[in-house]
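**Q** give me a model of this one.
(one chain, ligands or ions: 1)
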Amino acid sequence: MKVAVIGVGHVGLVTAATLAHFGHDVVGLDEDPAKIDTLQQGRAPFYEPGLQDLLDEVLGSGKLRFTREAAEAIEGADCAFICVGTPARADGEANLLAVENAARSVARNATGDIVVIQKSTVPVSTADRLHSIFAKATTHRIRLVSSPEFLREGAAVQDSLKPDRILVGSDDPEAHALMRKLYEPVLGGDCRYFEVDIHTAELAKHACNAFLALKISFANALARVCEASGADVVSVADIMGSDHRIGRDFLNAGLGYGGYCFPKDLLAFKAVAGRLGYDFGLLEEVMKINRGALDATVQKIKDALWNVESKKVLLLGLSFKPGTDDVRESPALNLARALTDLGAEVVGCDPQANEFAVREMPGLQVVEDPYKGAEGAHCIVVCTEWPEFADLDFVRLKGIVTLPMIVDGRNLLNEKDVVEAGFSYLPTGRPPANL
Ligand SMILES: NC(=O)c1ccc[n+]([C@@H]2O[C@H](COP(=O)([O-])OP(=O)(O)OC[C@H]3O[C@@H](n4cnc5c(N)ncnc54)[C@H](O)[C@@H]3O)[C@@H](O)[C@H]2O)c1
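**A** Purely as a prediction, here's the structure:
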């Protein structure tokens, strides 16, 4: 099948490469010239495990190519995926301008009937707007599908090659038939395939992200009560998680959630619910607890250091989670800003995200080597649970720092390792050690 993918960012690029791997002829379109240049040179523009190898394969086979020209991508295509960004507006509503532009571009450049697959995360009822654009802008038949994406950054390639579910919302039987053909290589097996109406698909994505964020905030609220009472939030989460009705995933207390999706999707879900007449106050509370998780960590660092001014703080991890160089809405960078505002000297260290972190926060000092970053530090803060940080040589670190103090914002480290090396250890929602 001939497939156009509009927007080759974190979702679109992995989608395009996966569909090419399945044997479809795919053209990736993006308005960012630098991104297209990089891709045309055969390089992934961001870090994602396995992505470069997959790109090498599908570029080599000629199944995937990239362009900035909409006509080139859309001409003769059987279907076009919309994978553009949907950031938050100041009032919390999703900004859907890029989705509208992409839809208009398909309508303008379609050379025949085409199925448009809306993959960007959008508020429920966005499809109605797209239907009316298509009805007015072209005489070709455009069938609309909402197929929200569930890949996780850091595991995006694996999630796309072997998805646990595919969600297809459409009110058009022929569009459903095309989608089944497109995804034939992964159907059967462990992949659940949901065929639903278009509004259910749109809403399901917001519901999933809101519920995952809620679990994280629940764990962060528990962490506060655990710290005040001397209980251990990790054990509480393990006990809760052993109940299969609850599940252990996303019950980790820490600096809170971040990234491109949860913050904006919660705002957008709350906004659309409000517009539809329901005050989804629970989501407001989830967001409040998330902000509180970061504030509590700042307070912990202030309590540990007394006067923060001029003290050196090393942040281990800058990406919003391990396995990616994505720093959008990263709690680590929010912490870096808060500590800088308090007068601390902040140094960041991330295995992949240093470059993007400096672009996002110009002036931030970064180091490749955590031991270099720790020289003279008064506090080390674990911000992202990259596994390599758990394996650091804490005895060596102890010899380098000015003050042996570790705040573990992700409960990543082994308490025994750090305490035996001589550090004071302040985890999240667990009793501190060696104060
Ligand atoms: N990142 C994730 O983990 C993830 C997971 C599931 C869903 N989503 C959703 O998928 C959508 C895309 O997210 P992302 O992380 O891939 O964003 P991204 O910013 O990485 O990529 C979006 C791309 O679209 C391009 N673009 C914007 N307007 C365009 C236009 N009119 N024509 C061509 N290209 C255009 C941008 O240049 C950019 O390269 C969002 O709605 C997001 O919520 C993201």
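
**Q** next structured bit after the helix or strand where K416 lies?
**A** Element membership for K416, per DSSP states H and E: helix 415-420. Tracing the chain C-terminally past helix 415-420 and defining elements by DSSP H and E, one meets strand 424-426 next.

**Q** in that next one, what's buried?
**A** S424, Y425, L426 (16 or more other C-beta atoms under 10 Å). Heads up, the C-betas are built off the backbone N, CA and C, glycines and all.

**Q** residues contacting the residue in the chain that the ligand sits nearest to?
**A** Going by C-beta to the nearest ligand atom, the ligand is nearest to G9 of the chain, at 1.7 Å. Neighbouring residues of G9 by C-beta atoms under 8 Å, 6 or more residues apart in numbering: D30, K35, C83, V84, G85.

**Q** one more time with 10 Å, if that's ok
**A** The contact partners of G9, by C-beta atoms under 10 Å, 6 or more residues apart in numbering, come to T15, D30, D32, K35, P45, F46, C83, V84, G85, S120, Y260, D326.

**Q** which one of these is nearest A71?
**A** Proximity of the contacts of G9 to A71 (C-beta to C-beta) peaks at D30, which lies at 14.5 Å.

**Q** for the closest one, phi and psi?
**A** With angles defined as degrees, to the nearest 10, D30 sits at phi -150, psi 150.

**Q** count of neighbours near it?
**A** The number of residues packed near D30 is 23, by other C-beta atoms under 10 Å.

**Q** how about it: what's its closest non-neighbour residue?
**A** Nearest-residue entry for D30: V8, 4.7 Å, with adjacent residues in sequence omitted and distances by C-beta to C-beta, 6 or more residues apart in numbering.

**Q** what's near enough to touch that neighbour?
**A** By C-beta under 10 Å, 6+ apart, V8 lies in contact with 14-17, 26-30, 32, 35-36, 39, 45, 64, 66, 81, 83-84.

**Q** which positions in the helix holding K416 come out as buried?
**A** Buried, per 16+ other C-beta under 10 Å, within helix 415-420: E415, D417, V418, V419.

**Q** circling back: can you turn the buried part of the contacts of V8 into a PyMOL selection?
**A** This is the PyMOL syntax for the buried subset of the contacts of V8, where burial follows 16+ other C-beta under 10 Å:
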select buried, resi 14+15+16+17+26+27+28+29+30+35+36+39+45+64+66+81+83+84
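
**Q** briefly note if stretch 62-73 comes near the ligand.
**A** No: Stretch 62-73 stays clear of the ligand (C-beta under 6 Å from any ligand atom), getting no nearer than 7.1 Å.

**Q** mind listing what's buried along that stretch?
**A** Quick answer for stretch 62-73 (16+ other C-beta under 10 Å): K63, L64, R65, F66, T67, A70, A73.

**Q** what about it, how long is it end to end?
**A** Distance across stretch 62-73, first residue to last, is 15 Å (C-alpha to C-alpha, to the nearest Å).

**Q** roughly how far is it from the heart of the chain?
**A** Its chain's C-alpha centre lies 26 Å from the corresponding centre of stretch 62-73 when counted by C-alpha atoms, centre = their mean, to the nearest Å.

**Q** any idea how far the residue nearest to W386 when sequence neighbours are not counted lies from I289?
**A** Nearest residue to W386 in three dimensions, chain neighbours excluded: P322, at 4.5 Å (C-beta to C-beta, 6+ apart). Here P322 is placed at a distance of 22 Å from I289 (C-beta to C-beta, to the nearest Å).

**Q** quick one on the thing from earlier: near the ligand too, which of the contacts of G9?
**A** D30, D32, K35, C83, V84, G85, S120, Y260.

**Q** contacting residues for the second one?
**A** Read it as D32. G7, V8, G9, T38, L39, P45, R68.

**Q** state the distance from the third one to P370.
**A** With distances taken as C-beta to C-beta, G9 is found 29 Å from P370.

**Q** likewise the last one?
**A** Distance check for R68 against P370: by C-beta to C-beta, it reads 39 Å.

**Q** just the element for the closest residue to L342 other than its chain neighbours, please.
**A** Spatial nearest neighbour of L342, chain neighbours left out: V308 (4.5 Å); criterion: C-beta to C-beta, 6+ apart. Using DSSP H and E, V308 sits within no helix or strand.

**Q** how about the strands in the stretch 251-400 of the chain?
**A** Assigned by DSSP state E, counting those that start in this stretch, the stretch 251-400 of the chain shows strands spanning 312-316, 345-349, 365-366, 379-382.

**Q** a markdown table for the ones you listed, including mean neighbour count and mean pLDDT?
**A** Conversion of these to a markdown table gives the following (neighbours: other C-beta atoms under 10 Å; pLDDT from 0 to 100):
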| stretch | mean neighbour count | mean pLDDT |
| --- | --- | --- |
| strand 312-316 | 26 | 98 |
| strand 345-349 | 23 | 98 |
| strand 365-366 | 18 | 98 |
| strand 379-382 | 27 | 98 |
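
**Q** between those, which gets nearest to G256?
**A** Smallest distance to G256 across the strands of the stretch 251-400 of the chain (C-beta to C-beta): 13.7 Å, for strand 379-382.

**Q** give me the distance from the closest one to the chain's centre.
**A** The mean C-alpha position of strand 379-382 is separated from the chain mean by 23 Å, C-alpha atoms, centre = their mean.

**Q** which residue is the nearest non-sequential neighbour of the residue nearest to the spatial centre of the chain?
**A** Using C-alpha atoms, centre = their mean, the residue of the chain that lies closest to the mean C-alpha position is G259, 4.3 Å off. Using C-beta to C-beta, 6+ apart and skipping residues adjacent in sequence, the residue nearest G259 is F320, 4.1 Å away.

**Q** then H140?
**A** A110 (4.7 Å).

**Q** my guess is the one you found contacts E75. True?
**A** Yes: A110 lies in contact with E75 (C-beta atoms under 10 Å); the separation is 8.3 Å.

**Q** overlap in contacts, those two.
**A** In contact with both A110 and E75: A4, using C-beta under 10 Å, 6+ apart.

**Q** still on that earlier bit, contacts with the ligand among the buried residues of strand 424-426, please.
**A** Filtering the buried residues of strand 424-426 for proximity to the ligand by C-beta under 6 Å from any ligand atom leaves nothing.

**Q** now those residues as TSV including pLDDT?
**A** Listed next are the buried residues of strand 424-426 as TSV, based on pLDDT from 0 to 100:
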residue	pLDDT
S424	98
Y425	98
L426	98
